[in-house]
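Colleague: sharing a model that was predicted from the sequence below.
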Amino acid sequence: MSTPAPLPQGRVIAQRGLTATAAVALVAILSLPLPAMAAETGPATPASAGISTAALQPNEAAAAPADIPAVPETELKKRLDTPGGLALAGERLHTELLRRFYGSHNYEPLWTERQGQVEALRSALMRAGEHGLDPNLFHAAALSNTPRLSPVDRDLLLSDAFLSFADALARGAVPLEARYDDEDLRPEPVDVAAELDRAIASPDPAAAIERLAPQTQAYKALQRALQSVQHASAAGEPPPVATATGRGQPTQQSRANAGSRQTVAANGDARLRQIAVNLERQRWLPRSMPADRVVVNTAAAQLVLYRSDRPAFTTRVVVGELDKQTPELQTTIDGVLFNPPWNVPPSIARSEILPKVASDPGYLARHNMVYRSNGAIQQLPGPHAALGQIKFEMPNRFDVYLHDTPMKALFSQDNRRRSHGCVRVQNPRELASLLLQEPVDAVNRGVSVGYTHRKSLSASVPVFFVYQTAFADADGTIEFRPDFYARDEAIWQRLHRASQVPMAQHEPPGERRS
(Lines give C-alpha, C1' and ligand atoms only; values in the text may rest on other atoms or scores of the structure.)
Protein backbone atom coordinates (compact mmCIF):
# COMPACT_ATOMS: atom_id res chain seq x y z
CA MET A 1 0.00 0.00 0.00
CA SER A 2 1.24 3.42 -0.85
CA THR A 3 0.89 5.06 2.52
CA PRO A 4 3.02 7.79 4.08
CA ALA A 5 5.43 7.09 6.88
CA PRO A 6 3.80 6.63 10.30
CA LEU A 7 4.04 9.49 12.75
CA PRO A 8 5.72 9.01 16.10
CA GLN A 9 2.34 9.61 17.70
CA GLY A 10 0.74 6.92 15.57
CA ARG A 11 -1.17 8.77 12.85
CA VAL A 12 -0.65 8.54 9.08
CA ILE A 13 -0.20 12.05 7.66
CA ALA A 14 0.51 13.11 4.08
CA GLN A 15 3.72 14.91 3.31
CA ARG A 16 3.34 16.48 -0.14
CA GLY A 17 4.72 19.89 -1.07
CA LEU A 18 3.35 21.81 1.86
CA THR A 19 3.59 20.11 5.19
CA ALA A 20 0.39 18.28 6.11
CA THR A 21 -0.30 20.83 8.82
CA ALA A 22 0.16 23.78 6.49
CA ALA A 23 -1.90 22.11 3.78
CA VAL A 24 -4.81 21.50 6.12
CA ALA A 25 -4.62 24.99 7.52
CA LEU A 26 -4.67 26.43 3.96
CA VAL A 27 -7.58 24.21 2.90
CA ALA A 28 -9.47 25.05 6.08
CA ILE A 29 -8.96 28.81 5.58
CA LEU A 30 -10.04 28.72 1.95
CA SER A 31 -13.09 26.53 2.50
CA LEU A 32 -14.55 27.86 5.72
CA PRO A 33 -17.21 30.58 5.99
CA LEU A 34 -16.00 34.04 6.87
CA PRO A 35 -16.91 33.81 10.58
CA ALA A 36 -14.62 30.81 10.95
CA MET A 37 -11.78 32.68 9.32
CA ALA A 38 -11.86 35.49 11.83
CA ALA A 39 -8.83 36.12 13.98
CA GLU A 40 -8.89 37.58 17.45
CA THR A 41 -6.30 40.20 16.78
CA GLY A 42 -8.44 42.91 15.22
CA PRO A 43 -9.03 44.00 11.62
CA ALA A 44 -6.52 42.92 8.98
CA THR A 45 -4.03 45.49 7.76
CA PRO A 46 -2.10 45.28 4.49
CA ALA A 47 0.98 44.17 6.41
CA SER A 48 -0.87 41.55 8.45
CA ALA A 49 -2.50 40.24 5.28
CA GLY A 50 0.90 39.75 3.68
CA ILE A 51 0.59 42.73 1.30
CA SER A 52 3.50 45.11 0.93
CA THR A 53 2.42 48.65 1.73
CA ALA A 54 5.24 49.84 -0.52
CA ALA A 55 3.24 48.50 -3.43
CA LEU A 56 0.47 51.02 -2.70
CA GLN A 57 0.75 54.61 -3.82
CA PRO A 58 0.04 57.11 -1.00
CA ASN A 59 -3.18 58.29 -2.58
CA GLU A 60 -4.29 54.68 -3.13
CA ALA A 61 -3.66 53.74 0.47
CA ALA A 62 -5.59 56.71 1.79
CA ALA A 63 -8.40 56.98 -0.70
CA ALA A 64 -11.77 55.31 -0.23
CA PRO A 65 -14.58 55.04 -2.76
CA ALA A 66 -17.08 57.80 -2.22
CA ASP A 67 -20.07 55.44 -2.35
CA ILE A 68 -18.92 53.32 0.63
CA PRO A 69 -20.42 54.75 3.84
CA ALA A 70 -18.16 55.25 6.81
CA VAL A 71 -18.44 52.71 9.61
CA PRO A 72 -20.27 54.38 12.50
CA GLU A 73 -18.21 54.82 15.65
CA THR A 74 -20.91 53.61 18.02
CA GLU A 75 -20.22 52.59 21.60
CA LEU A 76 -20.68 48.96 20.55
CA LYS A 77 -18.14 49.36 17.73
CA LYS A 78 -15.64 50.87 20.16
CA ARG A 79 -16.08 47.87 22.49
CA LEU A 80 -15.42 45.50 19.57
CA ASP A 81 -12.26 47.43 18.75
CA THR A 82 -10.82 46.81 22.22
CA PRO A 83 -7.11 45.97 21.74
CA GLY A 84 -6.29 42.33 22.36
CA GLY A 85 -9.84 41.09 21.96
CA LEU A 86 -12.91 41.40 24.11
CA ALA A 87 -13.86 39.65 27.36
CA LEU A 88 -17.01 40.22 29.41
CA ALA A 89 -17.97 38.76 32.78
CA GLY A 90 -14.88 36.56 32.59
CA GLU A 91 -15.95 35.20 29.19
CA ARG A 92 -13.77 35.45 26.09
CA LEU A 93 -15.80 36.63 23.07
CA HIS A 94 -15.39 35.85 19.36
CA THR A 95 -14.66 39.40 18.28
CA GLU A 96 -14.45 38.94 14.51
CA LEU A 97 -17.64 36.92 14.40
CA LEU A 98 -19.37 39.67 16.37
CA ARG A 99 -18.01 42.31 13.97
CA ARG A 100 -19.49 40.40 11.07
CA PHE A 101 -22.84 40.08 12.81
CA TYR A 102 -23.12 43.66 13.99
CA GLY A 103 -21.74 45.03 10.73
CA SER A 104 -25.06 44.23 9.11
CA HIS A 105 -26.85 46.02 11.97
CA ASN A 106 -24.91 49.29 11.75
CA TYR A 107 -23.08 48.39 14.96
CA GLU A 108 -26.14 49.06 17.09
CA PRO A 109 -27.51 46.89 19.94
CA LEU A 110 -30.45 44.75 18.86
CA TRP A 111 -31.67 42.60 21.76
CA THR A 112 -33.35 45.21 23.99
CA GLU A 113 -36.45 45.27 21.82
CA ARG A 114 -36.39 41.53 21.14
CA GLN A 115 -36.96 39.93 24.52
CA GLY A 116 -39.11 37.18 23.04
CA GLN A 117 -36.30 36.09 20.75
CA VAL A 118 -33.80 36.37 23.60
CA GLU A 119 -35.79 34.01 25.80
CA ALA A 120 -36.39 31.52 22.99
CA LEU A 121 -32.71 31.41 22.02
CA ARG A 122 -31.54 31.30 25.64
CA SER A 123 -33.88 28.36 26.24
CA ALA A 124 -32.40 26.50 23.26
CA LEU A 125 -28.89 27.24 24.50
CA MET A 126 -29.70 25.90 27.96
CA ARG A 127 -30.79 22.64 26.27
CA ALA A 128 -27.36 22.25 24.65
CA GLY A 129 -26.92 19.12 26.79
CA GLU A 130 -29.37 17.39 24.43
CA HIS A 131 -26.61 17.67 21.82
CA GLY A 132 -23.88 16.49 24.19
CA LEU A 133 -22.66 20.07 24.65
CA ASP A 134 -22.01 21.95 27.88
CA PRO A 135 -24.20 25.12 27.95
CA ASN A 136 -21.33 26.87 29.73
CA LEU A 137 -19.40 26.74 26.46
CA PHE A 138 -21.88 29.42 25.40
CA HIS A 139 -21.79 31.67 28.51
CA ALA A 140 -24.80 30.01 30.20
CA ALA A 141 -23.70 30.99 33.72
CA ALA A 142 -22.74 34.52 32.72
CA LEU A 143 -26.10 35.07 31.02
CA SER A 144 -27.84 34.76 34.38
CA ASN A 145 -26.06 37.95 35.50
CA THR A 146 -26.69 40.12 32.46
CA PRO A 147 -28.70 42.73 34.47
CA ARG A 148 -25.40 43.73 36.07
CA LEU A 149 -23.88 44.53 32.67
CA SER A 150 -24.25 47.72 30.70
CA PRO A 151 -26.81 47.51 27.87
CA VAL A 152 -24.03 47.33 25.26
CA ASP A 153 -22.10 44.61 27.10
CA ARG A 154 -25.29 42.64 27.67
CA ASP A 155 -26.04 42.83 23.95
CA LEU A 156 -22.55 41.64 23.06
CA LEU A 157 -22.67 38.73 25.49
CA LEU A 158 -26.07 37.58 24.21
CA SER A 159 -24.95 37.77 20.59
CA ASP A 160 -21.74 35.88 21.28
CA ALA A 161 -23.62 33.16 23.16
CA PHE A 162 -26.11 32.62 20.35
CA LEU A 163 -23.51 32.83 17.58
CA SER A 164 -21.12 30.37 19.23
CA PHE A 165 -23.97 27.94 19.96
CA ALA A 166 -25.10 28.15 16.33
CA ASP A 167 -21.51 27.61 15.18
CA ALA A 168 -21.11 24.51 17.37
CA LEU A 169 -24.30 22.98 15.96
CA ALA A 170 -23.44 23.93 12.38
CA ARG A 171 -19.87 22.62 12.14
CA GLY A 172 -18.96 21.16 15.51
CA ALA A 173 -17.70 22.48 18.80
CA VAL A 174 -14.24 21.40 17.59
CA PRO A 175 -14.01 23.27 14.28
CA LEU A 176 -11.78 22.04 11.51
CA GLU A 177 -9.02 24.54 12.22
CA ALA A 178 -8.70 23.22 15.80
CA ARG A 179 -8.63 19.50 14.99
CA TYR A 180 -5.80 17.10 14.34
CA ASP A 181 -4.54 16.83 10.80
CA ASP A 182 -6.10 13.43 10.16
CA GLU A 183 -9.59 14.43 11.35
CA ASP A 184 -10.41 15.69 7.87
CA LEU A 185 -14.21 15.62 7.72
CA ARG A 186 -16.30 18.73 7.28
CA PRO A 187 -19.91 19.78 6.73
CA GLU A 188 -21.02 22.35 4.17
CA PRO A 189 -19.96 25.96 4.97
CA VAL A 190 -22.50 27.92 7.01
CA ASP A 191 -22.66 31.66 7.65
CA VAL A 192 -23.78 31.56 11.28
CA ALA A 193 -24.18 35.35 11.46
CA ALA A 194 -26.70 35.20 8.63
CA GLU A 195 -28.36 32.17 10.23
CA LEU A 196 -28.82 34.06 13.50
CA ASP A 197 -30.45 36.90 11.57
CA ARG A 198 -32.82 34.39 9.99
CA ALA A 199 -33.60 32.93 13.40
CA ILE A 200 -34.40 36.37 14.80
CA ALA A 201 -36.82 36.97 11.93
CA SER A 202 -38.46 33.54 12.15
CA PRO A 203 -41.57 32.71 14.19
CA ASP A 204 -39.58 30.05 16.12
CA PRO A 205 -35.99 31.28 16.68
CA ALA A 206 -34.99 28.25 18.79
CA ALA A 207 -36.09 25.77 16.12
CA ALA A 208 -34.28 27.78 13.43
CA ILE A 209 -30.98 27.58 15.34
CA GLU A 210 -31.36 23.91 16.28
CA ARG A 211 -31.93 23.01 12.63
CA LEU A 212 -28.25 23.79 12.11
CA ALA A 213 -27.49 20.48 13.86
CA PRO A 214 -27.69 17.29 11.76
CA GLN A 215 -31.25 16.16 11.13
CA THR A 216 -30.21 12.62 10.23
CA GLN A 217 -31.59 9.45 11.78
CA ALA A 218 -28.09 8.63 13.03
CA TYR A 219 -27.86 11.90 14.97
CA LYS A 220 -31.37 11.64 16.39
CA ALA A 221 -30.76 8.04 17.47
CA LEU A 222 -27.66 9.15 19.39
CA GLN A 223 -29.67 11.94 21.00
CA ARG A 224 -32.27 9.43 22.18
CA ALA A 225 -29.52 7.19 23.51
CA LEU A 226 -28.00 10.13 25.38
CA GLN A 227 -31.35 10.90 26.98
CA SER A 228 -31.79 7.26 27.96
CA VAL A 229 -28.39 7.14 29.65
CA GLN A 230 -29.05 10.46 31.39
CA HIS A 231 -32.30 9.12 32.82
CA ALA A 232 -30.62 5.88 33.92
CA SER A 233 -27.83 7.81 35.62
CA ALA A 234 -30.29 10.07 37.42
CA ALA A 235 -32.11 6.98 38.72
CA GLY A 236 -28.87 5.33 39.85
CA GLU A 237 -29.28 2.55 37.29
CA PRO A 238 -26.56 1.06 35.08
CA PRO A 239 -26.48 2.46 31.53
CA PRO A 240 -28.22 0.48 28.79
CA VAL A 241 -25.85 -1.56 26.66
CA ALA A 242 -27.96 -0.69 23.62
CA THR A 243 -30.80 1.81 23.41
CA ALA A 244 -33.31 3.36 21.04
CA THR A 245 -35.11 1.93 18.02
CA GLY A 246 -35.53 3.58 14.66
CA ARG A 247 -39.10 4.52 15.57
CA GLY A 248 -37.94 6.41 18.63
CA GLN A 249 -39.21 3.92 21.20
CA PRO A 250 -36.57 3.09 23.84
CA THR A 251 -35.95 -0.62 24.23
CA GLN A 252 -34.93 -2.14 27.53
CA GLN A 253 -32.18 -4.49 26.54
CA SER A 254 -29.49 -6.21 28.49
CA ARG A 255 -27.75 -4.00 31.03
CA ALA A 256 -24.27 -4.04 32.44
CA ASN A 257 -23.73 -5.47 35.90
CA ALA A 258 -24.56 -2.79 38.41
CA GLY A 259 -21.86 -3.37 41.00
CA SER A 260 -21.57 -0.55 43.46
CA ARG A 261 -23.30 2.79 43.07
CA GLN A 262 -19.90 4.27 42.30
CA THR A 263 -19.39 1.75 39.50
CA VAL A 264 -22.84 2.49 38.13
CA ALA A 265 -22.12 6.22 38.14
CA ALA A 266 -18.74 5.70 36.47
CA ASN A 267 -20.25 3.48 33.77
CA GLY A 268 -23.00 6.00 33.14
CA ASP A 269 -20.50 8.84 32.89
CA ALA A 270 -18.37 6.86 30.43
CA ARG A 271 -21.39 6.17 28.23
CA LEU A 272 -22.47 9.81 28.36
CA ARG A 273 -19.04 10.92 27.25
CA GLN A 274 -18.90 8.35 24.47
CA ILE A 275 -22.26 9.36 23.05
CA ALA A 276 -21.48 13.07 23.37
CA VAL A 277 -18.20 12.61 21.49
CA ASN A 278 -19.92 10.76 18.67
CA LEU A 279 -22.67 13.36 18.42
CA GLU A 280 -19.81 15.79 17.79
CA ARG A 281 -18.42 13.52 15.07
CA GLN A 282 -21.83 13.51 13.41
CA ARG A 283 -21.66 17.31 13.30
CA TRP A 284 -18.45 17.02 11.25
CA LEU A 285 -20.32 15.31 8.41
CA PRO A 286 -22.24 16.96 5.54
CA ARG A 287 -25.81 17.80 6.49
CA SER A 288 -27.04 16.18 3.29
CA MET A 289 -25.22 12.87 3.16
CA PRO A 290 -25.26 11.38 -0.36
CA ALA A 291 -27.98 8.77 -0.70
CA ASP A 292 -25.48 6.46 -2.43
CA ARG A 293 -22.21 6.30 -0.51
CA VAL A 294 -19.58 4.07 1.06
CA VAL A 295 -18.91 4.49 4.77
CA VAL A 296 -15.95 2.84 6.49
CA ASN A 297 -16.13 2.98 10.28
CA THR A 298 -12.59 2.25 11.42
CA ALA A 299 -13.70 1.91 15.06
CA ALA A 300 -15.97 -0.98 14.05
CA ALA A 301 -13.66 -2.25 11.24
CA GLN A 302 -16.69 -2.37 8.97
CA LEU A 303 -17.67 -1.05 5.52
CA VAL A 304 -21.25 -0.28 4.49
CA LEU A 305 -22.43 0.59 0.99
CA TYR A 306 -25.62 2.64 1.02
CA ARG A 307 -28.10 2.77 -1.83
CA SER A 308 -30.96 5.27 -1.59
CA ASP A 309 -29.81 5.97 1.96
CA ARG A 310 -30.28 2.34 3.04
CA PRO A 311 -27.54 -0.27 3.73
CA ALA A 312 -27.20 -2.45 0.64
CA PHE A 313 -23.93 -4.25 1.37
CA THR A 314 -21.85 -4.73 4.51
CA THR A 315 -18.45 -6.34 4.89
CA ARG A 316 -15.61 -6.55 7.36
CA VAL A 317 -12.44 -4.59 6.79
CA VAL A 318 -8.92 -4.47 8.20
CA VAL A 319 -7.78 -0.97 9.21
CA GLY A 320 -4.59 0.74 10.37
CA GLU A 321 -2.54 -0.47 13.31
CA LEU A 322 -2.43 1.61 16.47
CA ASP A 323 0.77 3.31 15.32
CA LYS A 324 -0.42 3.65 11.68
CA GLN A 325 -3.98 4.76 12.18
CA THR A 326 -6.39 5.16 9.29
CA PRO A 327 -7.38 8.83 8.94
CA GLU A 328 -10.88 10.29 8.90
CA LEU A 329 -11.57 11.69 5.44
CA GLN A 330 -14.09 12.13 2.66
CA THR A 331 -13.49 11.69 -1.06
CA THR A 332 -14.90 9.66 -3.97
CA ILE A 333 -14.27 6.24 -5.48
CA ASP A 334 -13.65 6.86 -9.17
CA GLY A 335 -12.46 3.53 -10.52
CA VAL A 336 -11.41 -0.06 -9.94
CA LEU A 337 -7.86 -1.21 -10.70
CA PHE A 338 -7.57 -4.90 -11.56
CA ASN A 339 -4.34 -6.74 -10.72
CA PRO A 340 -2.70 -3.69 -9.13
CA PRO A 341 1.03 -3.51 -8.46
CA TRP A 342 2.14 -2.28 -5.06
CA ASN A 343 4.52 0.64 -5.06
CA VAL A 344 6.13 0.16 -1.68
CA PRO A 345 6.20 3.47 0.24
CA PRO A 346 9.74 4.56 1.15
CA SER A 347 8.92 4.38 4.86
CA ILE A 348 7.87 0.72 4.59
CA ALA A 349 10.83 -0.07 2.36
CA ARG A 350 13.26 1.41 4.88
CA SER A 351 11.73 -0.07 8.02
CA GLU A 352 10.55 -3.47 6.78
CA ILE A 353 11.77 -4.52 3.33
CA LEU A 354 15.41 -3.42 3.11
CA PRO A 355 16.43 -4.96 6.46
CA LYS A 356 15.09 -8.29 5.21
CA VAL A 357 16.90 -7.90 1.90
CA ALA A 358 20.15 -7.23 3.78
CA SER A 359 19.91 -10.57 5.56
CA ASP A 360 18.24 -12.49 2.73
CA PRO A 361 19.31 -11.51 -0.84
CA GLY A 362 16.55 -13.66 -2.34
CA TYR A 363 13.75 -11.89 -0.45
CA LEU A 364 12.68 -9.61 -3.32
CA ALA A 365 12.52 -12.39 -5.90
CA ARG A 366 10.49 -14.69 -3.66
CA HIS A 367 7.96 -11.90 -3.04
CA ASN A 368 7.73 -10.90 -6.70
CA MET A 369 9.37 -7.55 -5.98
CA VAL A 370 11.66 -5.50 -8.21
CA TYR A 371 13.62 -2.28 -8.05
CA ARG A 372 12.21 0.45 -10.27
CA SER A 373 14.40 2.87 -12.22
CA ASN A 374 14.07 5.50 -9.49
CA GLY A 375 15.29 3.07 -6.84
CA ALA A 376 11.85 2.45 -5.36
CA ILE A 377 10.62 -1.08 -4.74
CA GLN A 378 7.53 -2.40 -6.50
CA GLN A 379 5.67 -5.65 -5.95
CA LEU A 380 4.37 -6.93 -9.26
CA PRO A 381 0.70 -7.94 -9.66
CA GLY A 382 -0.39 -11.40 -8.70
CA PRO A 383 -2.65 -13.38 -6.38
CA HIS A 384 -0.15 -13.04 -3.52
CA ALA A 385 0.55 -9.33 -3.95
CA ALA A 386 -0.07 -7.15 -0.91
CA LEU A 387 -2.98 -5.34 -2.62
CA GLY A 388 -4.59 -8.57 -3.75
CA GLN A 389 -6.27 -8.44 -7.13
CA ILE A 390 -8.48 -5.35 -6.78
CA LYS A 391 -7.80 -1.79 -5.70
CA PHE A 392 -10.48 0.91 -5.36
CA GLU A 393 -9.06 4.22 -6.47
CA MET A 394 -10.03 7.20 -4.32
CA PRO A 395 -7.85 10.32 -4.56
CA ASN A 396 -6.92 11.85 -1.20
CA ARG A 397 -3.94 13.61 0.31
CA PHE A 398 -3.26 10.77 2.75
CA ASP A 399 -2.77 8.30 -0.13
CA VAL A 400 -4.92 5.64 1.52
CA TYR A 401 -7.44 3.50 -0.30
CA LEU A 402 -9.58 0.36 -0.23
CA HIS A 403 -8.12 -2.87 -1.61
CA ASP A 404 -8.14 -6.66 -1.66
CA THR A 405 -5.64 -8.75 0.32
CA PRO A 406 -4.32 -12.32 0.14
CA MET A 407 -4.38 -12.46 3.98
CA LYS A 408 -8.01 -13.59 4.27
CA ALA A 409 -7.56 -15.04 7.77
CA LEU A 410 -7.34 -11.53 9.24
CA PHE A 411 -11.07 -10.96 8.65
CA SER A 412 -12.05 -13.67 11.13
CA GLN A 413 -10.09 -12.03 13.95
CA ASP A 414 -11.51 -9.66 16.53
CA ASN A 415 -8.46 -7.43 16.19
CA ARG A 416 -8.62 -6.15 12.62
CA ARG A 417 -6.26 -3.24 13.15
CA ARG A 418 -3.42 -4.75 11.12
CA SER A 419 -2.71 -2.54 8.10
CA HIS A 420 -0.34 0.34 7.39
CA GLY A 421 -3.30 2.74 7.19
CA CYS A 422 -5.12 1.57 4.06
CA VAL A 423 -8.34 -0.45 4.35
CA ARG A 424 -8.43 -4.10 3.26
CA VAL A 425 -11.86 -5.34 2.16
CA GLN A 426 -13.10 -8.85 2.93
CA ASN A 427 -15.36 -9.14 -0.14
CA PRO A 428 -13.79 -6.83 -2.73
CA ARG A 429 -15.27 -8.52 -5.80
CA GLU A 430 -18.83 -8.10 -4.53
CA LEU A 431 -18.10 -4.45 -3.71
CA ALA A 432 -16.56 -3.90 -7.16
CA SER A 433 -19.62 -5.50 -8.77
CA LEU A 434 -21.95 -3.13 -6.96
CA LEU A 435 -19.88 -0.02 -7.64
CA LEU A 436 -19.34 -0.85 -11.32
CA GLN A 437 -22.96 -2.03 -11.61
CA GLU A 438 -21.77 -5.18 -13.34
CA PRO A 439 -22.19 -8.88 -12.46
CA VAL A 440 -19.55 -10.50 -10.30
CA ASP A 441 -18.68 -12.67 -13.32
CA ALA A 442 -17.60 -9.51 -15.16
CA VAL A 443 -15.38 -8.59 -12.20
CA ASN A 444 -13.91 -12.09 -12.21
CA ARG A 445 -13.10 -11.78 -15.92
CA GLY A 446 -11.42 -8.44 -15.23
CA VAL A 447 -9.14 -10.17 -12.74
CA SER A 448 -8.54 -13.28 -14.83
CA VAL A 449 -6.74 -11.44 -17.66
CA GLY A 450 -3.76 -11.26 -15.32
CA TYR A 451 -2.43 -7.82 -16.28
CA THR A 452 -3.07 -4.43 -14.72
CA HIS A 453 -5.99 -2.47 -16.17
CA ARG A 454 -8.52 0.05 -14.91
CA LYS A 455 -12.26 0.44 -15.21
CA SER A 456 -13.92 3.74 -14.32
CA LEU A 457 -17.18 3.94 -12.44
CA SER A 458 -20.05 5.39 -14.46
CA ALA A 459 -20.40 7.96 -11.68
CA SER A 460 -18.09 8.63 -8.76
CA VAL A 461 -19.35 7.30 -5.43
CA PRO A 462 -18.70 9.37 -2.27
CA VAL A 463 -16.71 7.55 0.42
CA PHE A 464 -16.33 8.52 4.05
CA PHE A 465 -13.76 7.11 6.46
CA VAL A 466 -15.13 7.81 9.94
CA TYR A 467 -14.17 6.83 13.46
CA GLN A 468 -17.39 6.34 15.41
CA THR A 469 -17.21 4.51 18.73
CA ALA A 470 -20.97 4.88 19.20
CA PHE A 471 -23.27 4.64 16.18
CA ALA A 472 -26.76 3.67 15.11
CA ASP A 473 -27.46 0.36 13.38
CA ALA A 474 -29.85 0.15 10.44
CA ASP A 475 -32.78 -0.27 12.86
CA GLY A 476 -31.65 2.64 15.05
CA THR A 477 -30.11 0.56 17.84
CA ILE A 478 -26.98 2.14 19.26
CA GLU A 479 -23.81 0.07 19.22
CA PHE A 480 -20.62 0.87 21.09
CA ARG A 481 -17.01 0.03 20.25
CA PRO A 482 -13.83 0.46 22.31
CA ASP A 483 -11.81 3.57 21.58
CA PHE A 484 -8.78 1.63 20.33
CA TYR A 485 -7.20 4.67 18.69
CA ALA A 486 -7.63 6.75 21.87
CA ARG A 487 -9.23 9.65 20.01
CA ASP A 488 -12.33 10.23 22.15
CA GLU A 489 -10.76 11.98 25.11
CA ALA A 490 -9.30 14.88 23.14
CA ILE A 491 -12.73 15.60 21.67
CA TRP A 492 -14.46 15.28 25.03
CA GLN A 493 -12.11 17.88 26.47
CA ARG A 494 -13.48 20.35 23.92
CA LEU A 495 -17.13 19.64 24.71
CA HIS A 496 -17.26 20.94 28.27
CA ARG A 497 -16.16 24.17 29.86
CA ALA A 498 -13.55 22.94 32.34
CA SER A 499 -10.82 22.54 29.75
CA GLN A 500 -11.69 25.24 27.25
CA VAL A 501 -9.00 27.67 26.12
CA PRO A 502 -9.63 31.12 24.68
CA MET A 503 -10.20 31.24 20.94
CA ALA A 504 -6.96 33.11 20.32
CA GLN A 505 -5.02 30.34 22.05
CA HIS A 506 -6.33 27.45 19.96
CA GLU A 507 -3.49 25.43 18.54
CA PRO A 508 -3.37 25.02 14.77
CA PRO A 509 -4.23 21.61 13.35
CA GLY A 510 -1.34 19.19 13.29
CA GLU A 511 -0.04 15.81 14.22
CA ARG A 512 -1.71 13.92 17.00
CA ARG A 513 0.02 14.44 20.28
CA SER A 514 1.02 11.48 22.43
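Modeller: Structure received. Numbering: from 1, shown residues only.

Colleague: now do the buried residues in the longest helix along the chain.
Modeller: Longest helix in the chain, counting residues (DSSP state H): helix 261-283. Buried residues in helix 261-283, counted by 16 or more other CB atoms under 10 Å: 264, 267-268, 271-283. (Glycine included, C-beta is placed from N, CA and C.)

Colleague: likewise stretch 342-360?
Modeller: Neighbour-count burial for stretch 342-360, counted by 16+ other CB under 10 Å, picks out W342, V344, P345, P346, S347, I348, A349, I353, V357.

Colleague: quick one: distance of that stretch to the chain centre.
Modeller: Relative to its chain's centre, stretch 342-360 lies at 33 Å (CA atoms, centre = their mean, to the nearest Å).

Colleague: what's the average pLDDT for it?
Modeller: On average, the pLDDT along stretch 342-360 is 94.

Colleague: ditto for stretch 105-112
Modeller: 96.

Colleague: give me the contact list for that stretch.
Modeller: 71-72, 74, 76-77, 80, 102, 117-118, 151-152, 154-155, 158-159, 200 (CB atoms under 8 Å, 6 or more residues apart in numbering).

Colleague: flag the shaky bits of this structure, pLDDT-wise.
Modeller: 1-69, 241-265, 498-514 (pLDDT under 70).

Colleague: can we see that at 50?
Modeller: Counting by pLDDT under 50, the chain shows low-confidence ranges at 2-64, 243-258, 499-508, 512-514.

Colleague: got the domain ranges for it?
Modeller: 32-44+71-213, 217-287+488-493, 293-471 (automatic domain parsing).

Colleague: turn the ones you listed into JSON lines, columns for distance to E479.
Modeller: Formatted as JSON lines, these follow (distance: least, CB to CB, whole Å):
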{"stretch": "domain 32-44+71-213", "distance to E479": "17"}
{"stretch": "domain 217-287+488-493", "distance to E479": "7"}
{"stretch": "domain 293-471", "distance to E479": "6"}
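
Colleague: packing partners for the longest strand anywhere in the chain?
Modeller: In the chain, taking DSSP state E as the definition, the longest strand is strand 453-466. If you count contacts as 3 or more CB pairs under 8 Å, 6 or more residues apart in numbering; DSSP states H and E, strand 453-466 packs onto strand 293-297, strand 328-338, helix 428-436.

Colleague: out of the ones you listed, which gets nearest to E237?
Modeller: Among the helices and strands packed on strand 453-466, the nearest to E237 by CB to CB is strand 293-297 (28.6 Å).

Colleague: ranges for the helices of the stretch 101-250 of the chain?
Modeller: 115-126, 140-143, 151-171, 192-201, 205-210, 217-234 (DSSP state H, counting those that start in this stretch).

Colleague: ok, and which of those helices has the densest surroundings?
Modeller: helix 151-171 (a mean of 23; mean count of other CB atoms under 10 Å).

Colleague: and that helix, how far from the chain's centre?
Modeller: Using CA atoms, centre = their mean, the offset of helix 151-171 from its chain centre is 23 Å.

Colleague: ok, back up a step: can you list the helices and strands packed on strand 453-466 in JSON lines and add mean neighbour count?
Modeller: What follows is the helices and strands packed on strand 453-466, written out as JSON lines (neighbours: other CB atoms under 10 Å):
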{"stretch": "strand 293-297", "mean neighbour count": "21"}
{"stretch": "strand 328-338", "mean neighbour count": "20"}
{"stretch": "helix 428-436", "mean neighbour count": "21"}
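
Colleague: which one of these lies closest to L495?
Modeller: strand 328-338 (17.2 Å).

Colleague: show me what the closest one is packed against.
Modeller: Strand 328-338 packs on strand 183-184, strand 390-393, helix 428-436, helix 440-448, strand 453-466, going by 3+ CB pairs under 8 Å, 6+ apart.
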